[in-house]
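1. next one to model:
(chains A and B)
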Amino acid sequence: MTTTKRDKSLIVIQLTGGNDYLNTVVPYGEGRYYDSRSTVNIPQDRVIPLDGKVGFNPSMGAMKSLWDEGKVAVINGIGYQTPNRSHFRSMDIWHTAEPDAIGKEGWLGRAIRDFDPGGENVLTGINFGRGLPRSLACQGVSVASVGDLATYGLFPDVEDEELRMFTLEAFARMYGNTAGRDPVLNFLGQTGQDALHGADILRTAPAMYSSSVEYAPNSLAQNVKSISQVFHAGLGARVLYTTHASFDTHSGELPTHAKLWDEVSGAVGCLMDDLKEHGREDDAAILIFSEFGRRIKDNGSGSDHGSGGVAFLIGGAVEGGMYGEYPSLAEAEQLEGDLRSNNDFRSVYTDILEDWWGLDAAPIVNGQFEKLNVFRS
Amino acid sequence: MISNDTALMAHLLRRAGFGASRDELEKYLAMGYDGAVETLLNPSDPGNMPDDLIRRYHVEQSELRDLAGSAAYWMYRMISTTSPMEEKIALFWHSLFATGYAKLNQARSLLNQVDMFRRSGLENFQDLLLELSRDPAMILWLDNNENHGTAVNENYGRELLELFSMGIGNYSEDDVKECARAFTGWTLGNAEYMAIRAAKDSIWPYGRIAWHFEYRDEDHDGGEKTFLGETGRFNGEDIIAIIVKQESTARFLATRLFEFFAADKVTEAGEKVIGEMMATYFSSGYQVRDMLRTLFHSDYFRSEEARFARVKGPAEMVVGAIRMAGNYQNPALGIEKVSNAMLYMGQGLLQPPSVEGWHEGLEWINSGALVERVNFAAKELSNVKSPGVRSIIDRLEAGSKNGVIEPTDLADRCLDLLGPIQVSEDTRSVLVDYATRQGDLHLAGHQPGDEAEQRVGNMLRLVAATKEYQLA
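-> The predicted structure is shown next:
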């Protein structure tokens, strides 16, 4: 593994709620699809064809252009052996790469620890959105959670700029002394300085970035824009994470799902244009995943929780195409009315960890998994 | 300047509660230390926000369909209770017998477990372990519903010994197996139906129904077992009776109580207190309340050494700041934000990261969490419209000469009224400099939200942002 690969970043877009695989990559050539999805389907003439058998949801125009450029890997039938149809548990499994026990550490948190064991760059991993997805959580790993890049930092509620400045100055003085006798207070001081430092650097990111790409006003596109700003500012961020919701389309699926994918596809298209404009297409890969797919049969208005799903890996360094078989819709092949997954999600993780980052994957994903070879060698 | 009694009482209330406003503190001071300890250890009517009021405002908390609303429901209890120890002990057991929503998808059963902690958490440890072993949320969380006479699942049997009572190194792998055998047949009633509901994750349209415990003798392995050197046809009750007799159990429980209620680090003086708590454990017949009484009356606990010797957990940080500010005394939409704030700080109620609970103490602190902690407390305590902050302003004025407060006094009085909080000379000098920038404060004739009041809010914001405020 060459060390130059260590500069690569991963951008993760988590689709929370269980994205409907069948209406995302639509098996429109398969009669069983229309039999099972008598109401909640994408009509054949609206599907964006890919390979004569399956096609994208009509909202995924931007992703189709990237597909045509050979930059989109569609990972079919992704999941794990015994599916759990609880949102929380299944997301937890994806986050910790541990389907059997309750996992303790996030897989990306572990990767961040491998990149930066001394915790020297407080911006190695950043979540755009509040809180910390468990995939990024790992003991001893600092991850910044940026709700809003424009106001990120301490005392965002203080509107008076002068007052905020005085308060920040006082904070810096109070946390500046780390040579005292009390190790707890020293640690607090150091952490406070890290927080200030991280916020100061992050605040510079928007100014260091210019682009002709215009992101849509929706929350995902704005978070992806922040991701682009921070990525292009060259702050050493390796994992840039954001979440879009809610894909839990039990009812009224068609319009909701269309809107969600319009937002995802649009944001990804903008980001790829942005990377291209800056000549950085080969330095970032985008992973899109969801905790599970949805039931094969619709419920008349939407679809219920299922198992096998789809993930996407997108980027200049990605070898575009279909990976794995589309799971069969034949009744005998189904798993309790769901698509049976045939690709373990930890295989994709292993591709990313080893081929993209040059890390040792096994300890991170809790075992050996056959790679899909999604990245161009 | 800071009366020692007041500082000691504030210390007790940070540990046996969520900190205290000056009004609350005065109420406990009137009881004297011993009286306060007894009042706290014997929770009476908690006077918390009533369910019918909550349910009228919060459909999600009435149905307990989702995690955020269910966590917020517990937040209301913590915020509005007048018997804080009841919530604190429930939080202690929730951290120790850590059961998570992620696997259960069942907030009602999980909150029933928390209620069991409130009810039995200060009582006999043997009874508590029995209730825990029969608790449906725990049974599902650690797979005891898969623990059959013919096919043993060791998960609960192992964690009962390792994480819930004796601690690793005090029993053999054979003991784990025998323990698990004894708990075969301890399962959920109507399990198949419940499993189908859970697998389908169908919450429409009626929400969840609570699980209940069932003992199935036909699924129990009634054979002879040898556990920790004793042999017999043991059932779960017998195993627990053997567990609670062990010295390692006494040490485990005393240590965990000490770390949660006294100090993150066990010093030599702390070891001595743990020894005393262990003695109480046996002499009282395994009474948790008596062990805590021993702790709270110990010289160590009452000494300066134990003060601010813990990093506040997110629940203490969030609930403490809200109680001090006097907010959320009535149902309000923002409550879910409050429970999310805790999650952002690293402690989602009802969602411990694993059966091992949260990593507490200094491990609560990382740069992301610190930003959340400081921003939350600073915002809560700088809002001069909040009733608790108004009361602080009134006390400041009442304690001044003609409403004039010198900068040094402003810093010291704010530290006093938010605690008293003990800070380093460095921290204090920054606070004093900050106040000095605008000279004497004139509070006479102050009006809600005017500049004079806001100066107090600004000072409280900075106190809430100190390193020392991070400690309990």
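2. residue B:83: what's it in contact with?
-> Shown in contact with residue B:83 (C-beta atoms under 8 Å, 6 or more residues apart in numbering or on different chains): B:40, B:43-47. All C-beta spots, glycine's among them, are computed from the backbone N, C-alpha and C.
3. any chance of CSV for those residues, columns pLDDT?
-> Formatted as CSV, those follow (pLDDT from 0 to 100):
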residue, pLDDT
B:40, 98
B:43, 94
B:44, 89
B:45, 86
B:46, 87
B:47, 86
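4. just the buried residues of these.
-> Buried members of these, scored by 16 or more other C-beta atoms under 10 Å in any protein chain shown, are B:40, B:43, B:46.
5. what helix or strand does the first one sit in?
-> By that I understand residue B:40. Counting by DSSP states H and E, the element that carries residue B:40 is helix B:32-41.
6. tally of neighbours for residue 181?
-> Went with chain A since none was named. Other residues within reach of residue A:181, judged by other C-beta atoms under 10 Å in any protein chain shown, total 7.
7. chain B was what I was after
-> Residue B:181 has 24 nearby residues by other C-beta under 10 Å.
8. that one contacts residue B:221, doesn't it?
-> Yes - under the criterion of C-beta atoms under 8 Å, residue B:181 makes contact with residue B:221 at 4.7 Å.
9. still on that earlier bit, just the contacts of residue B:83 now: which is nearest chain A?
-> When these are compared for distance to chain A (C-beta to the nearest C-beta), residue B:40 comes out closest, at 26.0 Å.
10. distance check, the closest one against residue A:195.
-> According to C-beta to C-beta, to the nearest Å, residue B:40 and residue A:195 sit 35 Å apart.
11. and stretch B:259-273, average pLDDT?
-> If you average the pLDDT over stretch B:259-273, you get 97.
12. quick one: the helices in the stretch 201-350 of chain B?
-> Assigned helices in the stretch 201-350 of chain B, in chain order: B:236-245, B:247-261, B:268-283, B:288-297, B:299-302, B:314-325, B:335-344 (criterion: DSSP state H, counting those that start in this stretch).
13. check the stretch 351-472 of chain B too.
-> For the stretch 351-472 of chain B, helices defined by DSSP H, counting those that start in this stretch occupy the ranges B:367-382, B:387-398, B:407-417, B:425-436, B:451-464.
14. chain A now?
-> A:31-36, A:61-68, A:87-96, A:107-115, A:161-176, A:183-204, A:219-232, A:253-277, A:345-350, A:362-365 (DSSP state H).
15. show the pLDDT at residue 358.
-> Just so you know, I chose chain A. On the pLDDT scale, residue A:358 is placed at 94.
16. hmm, I had chain B in mind actually
-> 88.
17. same check on residue B:71?
-> 95.
18. again with residue B:201
-> The predicted structure scores residue B:201 at 57 on the pLDDT scale.
19. what does the one 3 residues further on give?
-> At residue B:204, the predicted lDDT confidence score is 53.
20. surely residue B:215 meets residue B:185?
-> Yes - assessed by C-beta under 8 Å, residue B:215 is found in contact with residue B:185 at 5.9 Å.
21. before we move on, back to that, most packed of the helices of the stretch 351-472 of chain B?
-> helix B:367-382 (a mean of 25; mean count of other C-beta atoms under 10 Å in any protein chain shown).
22. which strands and helices sit next to that helix?
-> Packed against helix B:367-382 by the contact rule (3 or more C-beta pairs under 8 Å, 6 or more residues apart in numbering or on different chains; DSSP states H and E) you find strand A:144-146, helix A:183-204, helix B:314-325, helix B:335-344, helix B:451-464.
23. as CSV, these with distance to residue A:283 and mean pLDDT would be great.
-> Output for these, formatted as CSV (distance: least, C-beta to C-beta, whole Å; pLDDT from 0 to 100):
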stretch, distance to residue A:283, mean pLDDT
strand A:144-146, 20, 82
helix A:183-204, 19, 89
helix B:314-325, 37, 98
helix B:335-344, 30, 90
helix B:451-464, 41, 97
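24. will you turn the ones you listed into a markdown table that also has distance to residue B:123?
-> Below are these laid out as a markdown table (distance: least, C-beta to C-beta, whole Å):
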| stretch | distance to residue B:123 |
| --- | --- |
| strand A:144-146 | 40 |
| helix A:183-204 | 34 |
| helix B:314-325 | 22 |
| helix B:335-344 | 27 |
| helix B:451-464 | 36 |
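25. and those: which comes nearest residue B:74?
-> helix B:335-344 (7.9 Å; C-beta to C-beta).
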